[in-house]
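Novice: return atomic coordinates for the entry below.
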Amino acid sequence: MALTALPFLSRSNYLCSRTSLRCGAKLIKNNKTDCCRALSAGCHGYSSRWTAKHVIFAGAVGGASLVALTRHKLLKVHAESNPWEVSPRPEPTPSRVMNYGLDLGIKITLYQYQTCPFCCKARAFLDYYGISYDVVEVNSVKRTEVKWSKYKKVPLLLVQTPEGKTVQINDSSQIVSVLQTFIDTKMKITIDQIANYYPHFEDKGEGMFARTTFDFPNKYFIMYLDEGTVSKSTAKLRNFERKWRMWVDSDFVHRISPNIYGTFAESFQAFKYFEKVGNWEKIFSWWDRLVVCYLGGFVMRLVAMNLKRKHELDDDVRMELYHSVQRFTKGALNRGAFTGGDSITLADLALYGVMTSFEGCDAFRDMTENSDISTWFQAVKKAVEGHEGQRIIRTILETDVGEVEGGTLGVAVSEVEVVEEVGEAVLA
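Specialist: Numbering: from 1, shown residues only. Okay, the predicted model is just below:
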């Protein structure tokens with residue numbers, strides 16, 4: 001087991017002896033996953049003045065924690081050239097190119113399923129900011145397009161930097177946080193440098209049929225570095241934004257599959273809709289489409305049944321969906337039209353994105369007719385389709401000012417908040 005901590009020690013913003021001591025003590029009492037998350041997340045958010053004594057002390061406590069965790073096969077990997085590649089990566093053939101006329105000096109490629117809620121979330125962010133990107137549609141059964149990657153889920157984002165490096169960013173929430181940090185730091189810090197502040201933990205499991213799982217403990221955090229930020233939000237608003245970003249992944253998204261895959265007939269119908277909106281006819285062969293629609297529909301019906309049991313949803317899954325939406329409208333929109341009052345935040349983009357994944361299904365129509373979400377949804381849709389966030393980036397490029405009016409809220413890193421990992425969806 002190896003855990004490299006030097007990137008955190010290189011900046012005073014991201015480690016403090018108090019946090020390390022707390023994590024070391026927590027290891028003795030709690031399970032290994034919680035401690036590892038706290039150790040990683042705790043490295044961010046406290047600004048402290050370091051002395052040699054502090055560094056040695058924190059290193060000793062952290063080292064003791066790591067020794068105790070060795071047998072659990074946890075691994076932290078840095079973003080270098082691309083450590084995620086387990087075999088030569090073929091040059092991707094984009095299924096479509098989203099060119100919004102803005103040159104950031106980087107090339108972005110998004111590997112996705114068109115109707116995966118998490119992929120829709122990542123696209124909503126890119127579209128809102130008007131960031132150009134290529135789309136590679138992944139065959140959800142064969143997954144040929146991502147066989148080169150150790151991380152097999154989608155969305156998966158590749159960023160090619162001007163220096164020739166390829167940076168792979170996994171998990172929709174982490175994709176959003178890394179790119180938001182890039183924007184907030186006025187694009188003066190490279191993507192590969194920012195990626196160093198987003199470690200992951202890898203658990204290979206045990207046994208013949210064990211599967212490797214990944215945890216991204218900092219995925220909801222925007223990094224505020226010494227170079228300054230364009231964000232003008234307060235710590236309170238940042239925490240509020242982060243709370244509802246987490247809610248989208250831990251609450252709302254689990255109500256989608258049981259509603260659109262309620263029966264085998266509905267499941268097959270949903271996949272025919274996915275085939276249409278995903279333009280699969282131009283991407284996959286007729287045989288691949290047949291396999292994806294029918295095998296995928298069958299599998300996702302079983303997945304929906306399992307999610308319903310796992311999250312203890314009522315038999316009336318429509319009401320579960322309505323109640324989840326009501327929690328958002330009453331708890332998150334009590335400040336104004338959006339979660340940021342008059343400003344769209346990452347929480348708005350997250351929920352809007354996952355909702356678009358089933359926009360053409362009966363469940364979406366029923367949801368809008370039986371809740372107060374329609375006005376909010378249409379307002380966010382207008383902003384995303386109009387690429388309203390692009391003006392923020394253009395202002396940075398044109399004026400290089402210290403602060404820019406508007407934009408999404410950043411996420412505070414001054415408090416450690418550990419949440420259970422929510423895995424990216426295989427389909428919807």
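
Novice: can you pull out the strands in the stretch 101-250 of the chain?
Specialist: Residue ranges of the strands in the stretch 101-250 of the chain, as given by DSSP state E, counting those that start in this stretch, are 107-112, 133-137, 156-160, 166-170, 201-203, 213-215.

Novice: export those to CSV and tack on mean neighbour count and distance to Ser374?
Specialist: Any C-beta I mention is one placed from the backbone N, CA and C, and that applies to glycine too. Shown next, in CSV, are the strands of the stretch 101-250 of the chain (neighbours: other Cβ atoms under 10 Å; distance: least, Cβ to Cβ, whole Å):
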stretch, mean neighbour count, distance to Ser374
strand 107-112, 21, 26
strand 133-137, 21, 28
strand 156-160, 23, 31
strand 166-170, 23, 33
strand 201-203, 19, 40
strand 213-215, 17, 36
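
Novice: out of those, which gets nearest to Ile260?
Specialist: Ile260 sits nearest to strand 107-112 of all those, at 17.9 Å, using Cβ to Cβ.

Novice: which other residues reach that closest one?
Specialist: Strand 107-112 has contacts (Cβ atoms under 8 Å, 6 or more residues apart in numbering) with 92, 94, 119, 122-123, 126, 131-138, 145-146, 154-160.

Novice: pLDDT at the closest residue to Asp203 other than its chain neighbours, what is it?
Specialist: Counting by Cβ to Cβ, 6 or more residues apart in numbering, Thr213 is the residue found nearest to Asp203 once chain neighbours are left out, at 5.0 Å. If you check Thr213, the pLDDT there is 92.

Novice: wait, Thr213 sits on Gly205?
Specialist: Yes: assessed by Cβ atoms under 8 Å, Thr213 is found in contact with Gly205 at 7.0 Å.

Novice: gap between the most centrally placed residue in the chain and Trp247?
Specialist: The residue lying closest to the centre of the chain (Cα atoms, centre = their mean) is Ser173, at 1.5 Å. Ser173 is 12 Å from Trp247, where distance means Cβ to Cβ, to the nearest Å.

Novice: now swap in Glu320 and tell me
Specialist: Going from Glu320 to Trp247 by Cβ to Cβ gives 14 Å.

Novice: what about Asn82, is that helix, strand or coil?
Specialist: coil (DSSP: H, G, I helix; E, B strand; the rest coil).

Novice: that one - nearest residue in space that isn't next to it in sequence?
Specialist: Using Cβ to Cβ, 6+ apart, the closest residue to Asn82 is Thr166 (4.5 Å).

Novice: for that neighbour, give me its contacts.
Specialist: 81-82, 158-160.

Novice: and of those, the nearest to Lys308?
Specialist: Nearest to Lys308 among the contacts of Thr166, counting by Cβ to Cβ, is Leu158 at 34.7 Å.

Novice: looking at it, the closest one is touching Ile175, isn't it?
Specialist: No: using Cβ under 8 Å as the test, Leu158 is too far from Ile175 to be in contact (10.7 Å).

Novice: which residues do those two both contact?
Specialist: In contact with both Leu158 and Ile175: Ile169, using Cβ under 8 Å, 6+ apart.

Novice: next, count neighbours for the residue nearest to Phe252 when sequence neighbours are not counted.
Specialist: Excluding the flanking residues, the one nearest Phe252 by Cβ to Cβ, 6+ apart is Ser324, at 5.0 Å. When counting by other Cβ atoms under 10 Å, one arrives at 20 neighbours for Ser324.

Novice: relative to Gln174, how far out is Ser324?
Specialist: Distance, Ser324 to Gln174, by Cβ to Cβ: 23 Å.

Novice: and Gln193, by the same measure?
Specialist: Distance from Gln193 to Gln174, by Cβ to Cβ: 15 Å.

Novice: quick one, longest helix in this protein?
Specialist: helix 286-310 (DSSP state H).

Novice: just checking, what packs against that helix?
Specialist: helix 256-260, helix 264-277 (3 or more Cβ pairs under 8 Å, 6 or more residues apart in numbering; DSSP states H and E).

Novice: rebuild the ones you listed as TSV, extending it with mean neighbour count, distance to Tyr197 and mean pLDDT.
Specialist: TSV is the format used below for the helices and strands packed on helix 286-310 (neighbours: other Cβ atoms under 10 Å; distance: least, Cβ to Cβ, whole Å; pLDDT from 0 to 100):
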stretch	mean neighbour count	distance to Tyr197	mean pLDDT
helix 256-260	25	31	94
helix 264-277	18	35	84
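
Novice: what's opposite the residue nearest to Asn82 in the beta bridge?
Specialist: Gln160 (DSSP bridges).

Novice: I figured Ile189 was touching Tyr224, is that so?
Specialist: No: applying Cβ under 8 Å as the test, Ile189 and Tyr224 come out as separate, 11.1 Å apart.

Novice: of the two, which one has the most company?
Specialist: Legend: neighbour count by other Cβ under 10 Å for Ile189 and Tyr224, higher for Tyr224 (22 against 17).

Novice: any idea how far Val159 is from that one?
Specialist: 21 Å.

Novice: out of the contacts of Thr166, the closest to Asp315 would be?
Specialist: Leu158 (42.3 Å).

Novice: beta-bridge partners for the closest residue to that closest one other than its chain neighbours, please?
Specialist: The shortest distance from Leu158 to any non-neighbouring residue, by Cβ to Cβ, 6+ apart, is to Thr109 (4.4 Å). Beta-bridge partners recorded for Thr109 (DSSP bridges): Asp134, Leu158.

Novice: quick one: pLDDT of Thr109?
Specialist: Predicted confidence (pLDDT) for Thr109: 97.

Novice: Glu163 too?
Specialist: For Glu163, pLDDT reads 87.

Novice: phi, psi of it?
Specialist: Reported as degrees, to the nearest 10, the phi and psi values for Glu163 are phi -80, psi 0.

Novice: list the contacts of it.
Specialist: Contacts of Glu163 (Cβ under 8 Å, 6+ apart): 190, 192.

Novice: how close does it get to Trp287?
Specialist: On the measure of Cβ to Cβ, Glu163 and Trp287 end up 42 Å apart.

Novice: one more: Pro217?
Specialist: Pro217 is 41 Å from Trp287, by Cβ to Cβ.
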